[in-house]
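Peer 1: Whatever this is, show me its structure:
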Amino acid sequence: MELLLVVIILGLLAIVAIPRLASTAGDSKANTCRQNIAIINSQIELWAAQNGCRYPQTHDEFVENILKNQDIFPGKAPTCPYGEAYKYDPAKTRVVPHNHNGSGTGNVTSEQADGGGAESAEP
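Peer 2: As a prediction, this is how the structure comes out:
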């Protein structure tokens, strides 16, 4: 009887703990993505300042001059922990936030990508 009670208590603890652990891992990935976007955007600003306040005009130019530039990102540029590519918007001169479709952790919004706010929940 006591063993059954212990198993039930452990089961209840697992029901509470496992979703929290999974949520924490997702939050960590979303935070990493958000910080990567902020780092890339700051490097875009630095590159523009070094190039006469000229920003990349296309996504391809952004990839060549920023992401693949070994002086800016020695070794390898930051990547989204969910495997999604970062996209550059020439009109905003920024890497635009993206959704982590199917991840269940939420979106990275413009404000969050610039280093503020909390993530919004996906439906």
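Peer 1: For the most centrally placed residue in the chain, give its distance to Lys87.
Peer 2: Centroid-nearest residue in the chain, with CA atoms, centre = their mean: Cys33, separated by 1.3 Å. According to CB to CB, to the nearest Å, Cys33 stands 13 Å off from Lys87. C-betas here are computed from N, CA, C, even on glycine.
Peer 1: Repeat that for Gly52.
Peer 2: The value you get for Gly52 to Lys87, if CB to CB is used, is 25 Å.
Peer 1: the more surrounded of the two?
Peer 2: Lys87 (12 against 6; other CB atoms under 10 Å).
Peer 1: quick one: that one and Thr58 touch, right?
Peer 2: No. Lys87 is beyond contact range of Thr58, at 11.4 Å (criterion: CB atoms under 8 Å).
Peer 1: what is the rounded mean pLDDT of the longest helix seen in the chain?
Peer 2: As assigned by DSSP state H, the longest helix anywhere in the chain is helix 2-50. Helix 2-50 carries an average pLDDT of 85.
Peer 1: Stretch 39-49: which residues count as buried?
Peer 2: Using 16 or more other CB atoms under 10 Å as the burial criterion, the residues of stretch 39-49 that qualify are 40-41, 43-44, 47-48.
Peer 1: and that stretch, how far from the chain's centre?
Peer 2: Here the centre of stretch 39-49 is set off from its chain's centre by 17 Å, with CA atoms, centre = their mean, to the nearest Å.
Peer 1: contacts for that stretch?
Peer 2: The contact list for stretch 39-49 (CB atoms under 8 Å, 6 or more residues apart in numbering) reads 54-56, 62, 65-67, 69, 72-73, 77-78, 86, 88, 93-95, 113-114.
Peer 1: same thing but at 7 Å, please
Peer 2: Stretch 39-49 is contacted from outside by 54-55, 65-66, 72, 78, 86, 93-95, 114, using CB atoms under 7 Å, 6 or more residues apart in numbering.
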